[in-house]
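**Q** Here's a sequence, model it:
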Amino acid sequence: MHLRFYNHERILGSGPSATVVYAVQRRDSNSGAGFGNVIVYDNLLRSGVETDSPIVGRNQGMGVGSSLAENSGLTNFQLVFTAGKYNGSSLTLQGLFPVAPLRTVFERAITGGTGKFRLARGYLLTTEVRATNTTLTGQLDAYITFR
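**A** Sure, this is the predicted structure:
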């Protein structure tokens, strides 16, 4: 199964409407990837790249700055579906999030799921496709198998 959706994030420091915040800030870092930093997030998942695309769910999780070089972090998160045919289901994911230029593709593991995604395994390819001073939009391509 292949699913595509878009993560709409209000980045660190974008004010009270930020969907990414520090839980622990040990080092200053524009990306949150400072070694020892912990961020939490609750981003919108939309069916398209545009900000008025229908909302299909939320990307809820945390990231830890785990690289001494401060160029990556470990993420652990849930894609929680709140609309459409997957409403009430979720995917569980984890893996490395690199600090990289726009359009860089990186992979994280799908380690499970609930509802229609029970026993899911696979991988998620993420490509950051749009950035402003306050927002970051990522294309998420989930490739899912069931055991």
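
**Q** Show me what the residue positioned nearest the centre of the chain is bridged to.
**A** The centre of the chain sits closest to Asn59, judged by CA atoms, centre = their mean, with a distance of 5.6 Å. Assessed by DSSP bridges, Asn59 has beta-bridge partners Asn43, Leu79.

**Q** Isn't it up against Val20?
**A** No: at 10.1 Å, Asn59 and Val20 do not qualify as touching, with contact defined as CB atoms under 8 Å. Quick note: C-beta positions are derived from backbone N, CA and C, even for glycine.

**Q** chain center to the helix or strand of the chain with the lowest mean pLDDT: distance?
**A** The weakest-scoring helix or strand in the chain, judged by mean pLDDT, DSSP states H and E, is strand 20-24 (a mean of 87). Distance, stretch centre to chain centre, for strand 20-24: 14 Å (CA atoms, centre = their mean, to the nearest Å).

**Q** Could you check the pLDDT of Asn30?
**A** pLDDT, Asn30: 63.

**Q** buried residues in the helix or strand harbouring Ile144?
**A** Secondary structure from DSSP states H and E places Ile144 in strand 135-146. Neighbour-count burial for strand 135-146 flags 136-140, 142, 144 (criterion: 16 or more other CB atoms under 10 Å).

**Q** Dump these into a markdown table; add distance to Arg27 and pLDDT as well.
**A** Output for the buried residues of strand 135-146, formatted as a markdown table (distance: CB to CB, whole Å; pLDDT from 0 to 100):
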| residue | distance to Arg27 | pLDDT |
| --- | --- | --- |
| Leu136 | 20 | 93 |
| Thr137 | 26 | 97 |
| Gly138 | 24 | 97 |
| Gln139 | 29 | 98 |
| Leu140 | 28 | 98 |
| Ala142 | 32 | 98 |
| Ile144 | 36 | 98 |
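
**Q** now those residues in TSV, with distance to Pro101?
**A** TSV is the format used below for those (distance: CB to CB, whole Å):
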residue	distance to Pro101
Leu136	12
Thr137	15
Gly138	13
Gln139	15
Leu140	18
Ala142	23
Ile144	28
